[in-house]
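[1] model the following, please.
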Amino acid sequence: MNEQSPADEARGGHADVLPEYAERVLDVAERIPPGRVMTYGDVAEWLEEGGPRQVGRVMALYGGAVPWWRVVRSDGVLLPGHELRALAHYRAEGTPLKQAARSAAGHVPRLDMRRARWDGAGAEGHT
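    Predicted coordinates for the structure are as follows:
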């Protein structure tokens, strides 16, 4: 996932080119507070539509226009291929992390899902 994506243009005045479901997924991603995360499944549940794979697909195609690092796998493993960029965002935002096991490839920490997971409480516009 790069930080420049088709969503950059689409959200800058041509939002009608994005599928409606993609718009809704990206809206949820933008609502997640700094230092918190939602899983792909959490986003689908919030929307009451689709599932983790559909949310993941939207994030892969259009997520560069939103804080993509806040939509994560349920096991807390950082997005493969984007671990270092995500980790920089997590550290800057104070997102709770767990130390990597010595056996972990590259010793990259995981998200502390128990502490970092956001349930959407207090957010406006929940469907």
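[2] torsion angles phi and psi at the spatially most central residue of the chain?
    When Cα atoms, centre = their mean is applied to the chain, the residue found nearest the centroid is residue 71 (1.7 Å). When read as degrees, to the nearest 10, the backbone of residue 71 gives phi -110, psi 120.
[3] so it makes contact with residue 55?
    Yes. Using Cβ atoms under 8 Å, residue 71 is in contact with residue 55, at 6.9 Å. The way it works is simple: take the backbone N, C-alpha and C, and place the C-beta from them, glycine included.
[4] shared neighbours of these two, anything?
    Residues touching both residue 71 and residue 55 by Cβ atoms under 8 Å, 6 or more residues apart in numbering: 40, 43.
[5] all helices for this protein, in order.
    Using DSSP state H, the helices of the chain run over 6-10, 20-31, 40-47, 52-62, 83-93, 113-116.
[6] helices or strands up against the longest one?
    Think helix 20-31. helix 40-47, helix 52-62 (3 or more Cβ pairs under 8 Å, 6 or more residues apart in numbering; DSSP states H and E).
[7] nearest to residue 21, of those helices?
    Residue 21 lies closest to helix 52-62 among the helices and strands packed on helix 20-31, at 6.8 Å (Cβ to Cβ).
[8] so the residue nearest to the centre of the chain bridges to which residues?
    residue 38 (DSSP bridges).
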